[in-house]
Structure formats: structure tokens, C-alpha cells
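Trainee: The following comprises the amino acid sequence and a computationally predicted model.
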Amino acid sequence: MSETFKSFSSYPVAILSTDGEILDLEKELAVWKNDLLEVTELAEWNIDHELLFDLGNYLKSGKTIPKSSELGRVLGISLPDEVKAEHAVASRFERMVRARAINEVKSWHARTEVKKKSSSQYVSQGWSRTASDVKPVSVKAKMSLSVVDRTHSEIINDPLVSGAIELKTVIGLNKRIVVFPFDKARFPHAVKVTMPDISLEDNGSLRFNFTAYETVGYPDISGEYIVTVDVGISSYATVSVLNRSGELLYTTTLSRRVHSLANKVKKANIQIASLRKQGKLEEAAFHRKANVNRKRELAIISAQEVADLAHQWDNAVVVFEDLSWIRNTMQNGRWNRGEFVKWTQHYLNQNGSLLFKVSAKDTSQLCHRCDEQVVFRGWHTAVCQNEKCSLVGHEQDRDVNATRNIAKKFFAKSTLTRTISTRRKSKKYTSQKFVSRTPTKRKSLKYPGRDRTKTGATPSRKRLIKKKKQEVKNTQCSVGGQKTRYFSVATDGGAKHTTSMTEGQHKTYSTDKSIPVYSGRICQ
């Protein structure tokens with residue numbers, strides 16, 4: 001069995017001494033915050049070009065790379081003598097400082113290699129364009145308790161049974177027991193909970209990030225179905241399910257929530273561009289930060305829905321277009337597609353499935369039936385003009401056609417057959433079918449309209465508008481000096497007749513029952 005993880009945040013509800021005495025929560029958290037800031041300052045103090053040079057030489061030496069705290073010791077990071085004298089357990093502090101400094105310098109080293117174009121790893125177009133080799137000037141306040149020895153920090157109970165996390169750790173100079181709530185229902189497959197990372201929020205409060213580990217085996221993958229995803233600009237994603245013969249079994253543009261978030265992202269991008277043109281850079285930065293969080297939520301929700309759809313179709317694999325060739329990754333928010341793929345991979349791993357990529361070349365330009373160039377009628381509609389093709393003259397959805405071409409490329413490589421065979425030979429193979437570990441699929445957009453663009457009110461909205469109009473029509477006029485006029489309208493052969501009367505003379509206009517009469521009240 002391999003392991004996957006789910007991170008979550010929890011806030012302490014109580015802090016106790018080792019004798020069981022309940023202590024002041026706010027005071028203890030203030031001490032912990034001081035520890036966090038001191039670790040960050042010491043880590044920042046150790047970061048310099050000499051450490052960067054030493055790290056680069058060690059990575060090139062071919063030696064086994066130890067954990068960050070141990071690597072920091074090898075490279076000579078240590079606390080000043082005056083700091084050691086202040087702390088009763090200096091080794092605990094020293095490990096956290098070493099880990100924080102090394103992790104930051106590793107990131108700095110990676111950016112430097114990208115800038116020099118000497119990186120041996122895959123580098124995306126966006127990172128190669130935006131990477132900076134400048135020394136970090138402001139290290140984010142963060143420390144990890146996982147690098148500390150168990151005598152100084154450990155979880156002393158089983159959160160999976162008790163529903164709470166009891167963390168025994170050192171705060172300041174004293175040992176404390178910190179109690180965190182743990183939602184067992186949220187992590188039914190968890191096997192253990194890790195030590196937290198502690199960071200500082202923008203509002204000055206502490207954030208405690210735990211990780212719940214889950215065991216994942218290699219269940220059978222569907223040999224009949226695949227799920228293909230076409231990421232787009234006007235539509236965030238089009239997802240299709242196809243069988244081996246290329247027959248389209250199901251297609252969706254994901255849930256209403258995804259559509260709503262995607263629309264908000266687009267509107268925010270327009271707003272940010274407008275603010276920048278007006279020179280309101282601070283306001284634009286504020287909206288951009290909010291939009292980044294919105295994009296991340298969009299990627300996560302979309303990935304959950306795709307993974308759940310793959311699980312429903314007999315644990316099918318998911319196939320994306322490979323968009324690594326795009327140079328201007330920030331145009332149209334393309335970077336968010338990378339987040340979408342990353343989170344989809346994560347949720348597929350939890351369900352025991354896999355993600356593949358195929359070339360994006362001509363997936364939207366060619367007819368999936370005959371491989372001839374299509375002609376576009378509008379943004380979403382493609383028409384094949386090959387007279388020998390059975391789809392000649394028929395309108396196809398551009399993105400659905402792309403998903404079928406993605407499936408065609410994937411099946412042509414026989415990747416699915418090899419994957420199934422290799423998985424069954426693995427030591428981690430299990431014949432047990434997993435229960436889906438991702439949220440269930442949300443409802444699809446009911447009334448997308450022509451070309452999947454909603455141009456008018458939905459039926460439910462129309463009923464609501466009609467109901468509100470009727471309520472306004474039947475509302476009595478308030479007494480405050482207003483007079484009430486009654487009216488009635490009769491329709492006779494297309495002609496409308498109206499009359500206005502006082503309250504005492506309210507009568508219907510027509511005595512002929514075959515002619516419909518509408519009556520009501522208006523205020524003067």
C-alpha cells in the first residue's frame with residue numbers, strides 16, 4: 001500500500017500543563033507566536049549567498065540528500081551562543097531553524113538554476129519567465145514541528161479514535177499539552193495524523209496545518225472507459241466519457257458552482273486590468289489576491305468532480321491535453337490549468353486511478369471522424385466539410401470534438417492496455433474496489449442555452465418573476481393619503497377595453513363569459 005495525504009487546519013481549544021491544569025489559551029498562544037517569529041528571524045539571518053553556494057555544491061556531489069534539518073547541520077547552520085543560553089532545549093529550536101533556512105535556500109537555488117537555464121528538471125514556460133534569482137528578503141513566518149525530536153513534540157493519543165488531537169510540545173520554556181478538534185467523519189480512511197506546520201496569518205493569528213495520511217493500493221482500472229478533459233477559455237473545462245470504440249457516452253461542462261466561479265474569475269480579470277490602466281495599482285493588487293484564491297478554489301472543485309466522474313465509470317483513467325508548450329501561460333489565466341491538473345492528479349491517486357497527457361496539436365481543428373480540417377461557425381460550433389465524412393455539414397461542439405480527439409490519440413498509443421497489465425503485476429495491486437474518496441459530483445448546469453451560453457432567464461426564474469409581479473399587482477395600497485383605483489381589462493377579438501372606476505363602483509367590464517376579464521388595483 002502507498003500513502004496519500006489530506007491537509008487540514010485546526011485551532012486549539014485548550015492548553016494544559018503536564019499536571020492537567022488548564023492554562024490561559026491566549027497567553028500561551030502569544031508565547032508560541034514569539035517562538036515562531038524567533039525561528040523565522042534566525043532562519044532569515046542564516047540565509048546568504050555562501051549557504052546557497054554550499055547547498056549547490058552538496059546537491060551536485062551526488063551524495064544522499066538527508067532531511068532539511070540534518071542537511072542544515074551538515075552545512076554548518078547553528079544558533080548563536082546567546083540564543084542557546086536563552087533556551088533550555090536549544091536543539092529543538094536549532095532543528096526548526098535549520099529546516100526553515102534550508103527549505104527557503106532550496107527554493108532560491110531552484111529559481112537560480114532556472115534563471116541560468118541550467119536546471120536538470122522540467123521547467124514550465126510560466127516559471128522560466130517569472131523566476132527570480134534575487135536573495136529572499138522577507139521569509140514567511142513558518143515552523144515545522146515534524147523536524148523536532150519526539151521527546152520535545154509528539155501526538156500522545158489516537159485522534160482517529162478519540163476525535164481530538166492531543167499534542168505534547170514545548171511552548172517557550174515549558175512543556176504543554178495542546179488539544180485540537182479532529183473531524184473523524186471527514187477522514188474515514190485516515191491511518192495517522194502528522195505533526196503540524198505552524199504559520200502566521202495576515203491578521204496576526206496562528207494557523208496550524210495538520211496532514212491526515214491514508215493508505216492507497218492499486219485497484220483495477222477500467223479497460224473499457226476513459227475520461228477526457230479539454231480545458232478552454234470561454235468554457236473552463238469540457239469533460240467526456242468514451243469507450244474503446246470512440247463512442248461518446250456522456251459529456252458535461254461541470255457543475256453550476258464551477259460555472260459561477262469561472263464567471264467571477266473572468267469578471268475579476270477585467271476589473272483588475274481596468275484598475276491598472278487607471279493607475280490604481282494598490283486596489284488592483286487587492287482584487288488580484290482575492291482572485292488567486294478564487295482560481296485555486298475553482299481548480300480544486302473541478303478536480304473533485306472529474307475524479308468522482310472517473311470513479312463512477314469503473315475507475316477510468318483521465319486524459320488531459322499537454323499544454324506545456326504554451327509560452328504566455330498568464331494569458332487568459334492559463335496558469336490555473338496547471339493547478340487543475342495538479343489537483344486532479346491528487347484526487348485520482350486517492351481513488352486509485354491515473355492521469356495521462358496527450359499532445360494538444362489540432363485537437364480542436366480536426367474532425368474526430370475523418371481527421372480533416374473543420375470550419376468554425378461561431379466560437380463553439382465546428383462543421384466538417386469533407387464530403388466523404390459521415391458528419392459532413394453536421395454541427396459539432398468544438399470542445400466535445402476536442403475531447404473525442406484526445407481519446408483517439410490516447411487509444412492509438414495502446415497505453416491503457418499496458419497500464420492495466422503493469423498494475424496487476426505490482427505488489428500494491430488489490431482486487432478490492434475503492435469507495436470514492438472525493439466529494440460527489442454536483443448538479444450540472446440545467447439550461448445552458450444555445451452554444452452553452454445562457455442568454456435569458458431560466459424557466460424557474462421566469463416563474464419567480466411572474467409570481468413577484470402577481471404579488472405586486474395584488475398588494476393593497478397603503479392608507480397614507482393614497483387613493484385606490486380599480487381597473488379591469490377585457491380581451492375581445494384582439495381588442496383591449498379598459499375602464500377605471502372608484503372603489504364603490506368596482507365591476508367587471510364584460511358580461512360575456514367567453515371573453516377573459518383581468519382586474520386588479522393600482523395606487524394614485
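Mentor: It's in.
Trainee: is it true that Arg398 touches Phe376?
Mentor: Yes - the pair Arg398 / Phe376 is scored as a contact, 6.8 Å apart, by C-beta atoms under 8 Å. No exception for glycine: its C-beta is placed from N, CA and C like everyone else's.
Trainee: So which of those two has more stuff around it?
Mentor: Arg398 (24 against 12; other C-beta atoms under 10 Å).
Trainee: gap between the residue nearest to Gly172 when sequence neighbours are not counted and His152?
Mentor: Excluding the flanking residues, the one nearest Gly172 by C-beta to C-beta, 6 or more residues apart in numbering is Val31, at 4.3 Å. Noted for Val31: a distance of 15 Å to His152, by C-beta to C-beta, to the nearest Å.
Trainee: Stretch 306-320: which residues count as buried?
Mentor: 306-313, 315-320 (16 or more other C-beta atoms under 10 Å).
Trainee: Identify, from those residues, the entry nearest to Asn349.
Mentor: Ala307 (9.1 Å; C-beta to C-beta).
Trainee: is it true that Ala212 touches Phe187?
Mentor: Yes - the criterion here is C-beta under 8 Å, and Ala212 meets it with Phe187 at 4.4 Å.
Trainee: Settle it for me: which of these two has more neighbours?
Mentor: Using other C-beta under 10 Å as the criterion, Ala212 and Phe187 rank with Ala212 on top: 21 against 18.
Trainee: hmm, who's touching the host helix or strand of that one?
Mentor: Assessed by DSSP states H and E, Ala212 sits inside strand 206-216. Here strand 206-216 makes contact (C-beta atoms under 8 Å, 6 or more residues apart in numbering) with 1-12, 29, 32-33, 36, 165, 180, 187, 189-201, 349-350, 352, 434, 437.
Trainee: strands paired with whichever helix or strand comes after that strand, and their directions?
Mentor: Following strand 206-216 in sequence order, the next helix or strand is strand 225-231 (DSSP H and E). Partners of strand 225-231 in the sheet, by DSSP bridges, are strand 237-243 (antiparallel), strand 317-322 (parallel).
Trainee: Need those strands in a markdown table (columns: mean pLDDT and distance to Leu79).
Mentor: Putting those into a markdown table (pLDDT from 0 to 100; distance: least, C-beta to C-beta, whole Å) gives the following:
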| stretch | mean pLDDT | distance to Leu79 |
| --- | --- | --- |
| strand 237-243 | 93 | 50 |
| strand 317-322 | 92 | 47 |
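Trainee: can you give me the helices for the stretch 151-300 of the chain?
Mentor: Assigned by DSSP state H, counting those that start in this stretch, the stretch 151-300 of the chain shows helices spanning 159-162, 256-277, 281-312.
Trainee: Point out the other helices and strands that the last one packs with.
Mentor: I take that to be helix 281-312. Applying 3 or more C-beta pairs under 8 Å, 6 or more residues apart in numbering; DSSP states H and E, we find helix 281-312 packed against strand 225-231, strand 237-243, helix 256-277, strand 317-322, helix 335-351.
Trainee: Can I get the second one in PDB, CA atoms only?
Mentor: Right, the one you point to is strand 237-243. What follows is strand 237-243, C-alpha atoms only, in PDB (Å, rounded to 0.1, in the frame of the first residue of the first chain):
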ATOM      1  CA  ALA A 237     -13.400  22.500 -18.900                       C
ATOM      2  CA  THR A 238     -15.400  20.100 -21.100                       C
ATOM      3  CA  VAL A 239     -15.300  16.500 -19.800                       C
ATOM      4  CA  SER A 240     -16.400  13.500 -21.800                       C
ATOM      5  CA  VAL A 241     -16.600   9.700 -21.100                       C
ATOM      6  CA  LEU A 242     -15.900   7.500 -24.100                       C
ATOM      7  CA  ASN A 243     -15.500   3.800 -24.700                       C
END
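Trainee: next one: it to chain centre, how far?
Mentor: Here the centre of strand 237-243 is set off from its chain's centre by 20 Å, with C-alpha atoms, centre = their mean, to the nearest Å.
Trainee: which regions of this protein sit below the pLDDT cut-off?
Mentor: 1-2, 87-90, 125-126, 325-335, 440-458, 461, 471-524 (pLDDT under 70).
Trainee: what do Ala212 and Phe187 both touch?
Mentor: Lys6, Phe8.
Trainee: Spell out for me which residue occupies the centre of this structure.
Mentor: Ile300 (2.2 Å; C-alpha atoms, centre = their mean).
Trainee: From what I see, that one and Trp343 are in contact.
Mentor: Yes - the pair Ile300 and Trp343 passes the contact test of C-beta under 8 Å, sitting 5.2 Å apart.
Trainee: which residues does Leu355 contact?
Mentor: With C-beta under 8 Å, 6+ apart, Leu355 has these contacts: Val317, Val318, Val319, Phe320, Val341, Thr344, Gln345, Leu348.
Trainee: Not counting its neighbours along the chain, what's nearest the first one?
Mentor: Taking C-beta to C-beta, 6+ apart as the measure, Val317 lies nearest to Leu354, with 4.9 Å between them; neighbours along the chain are not counted.
Trainee: got the domain boundaries for the protein?
Mentor: For the chain, the structural domains run 9-189, 225-252+300-452, 459-523, going by automatic domain parsing.
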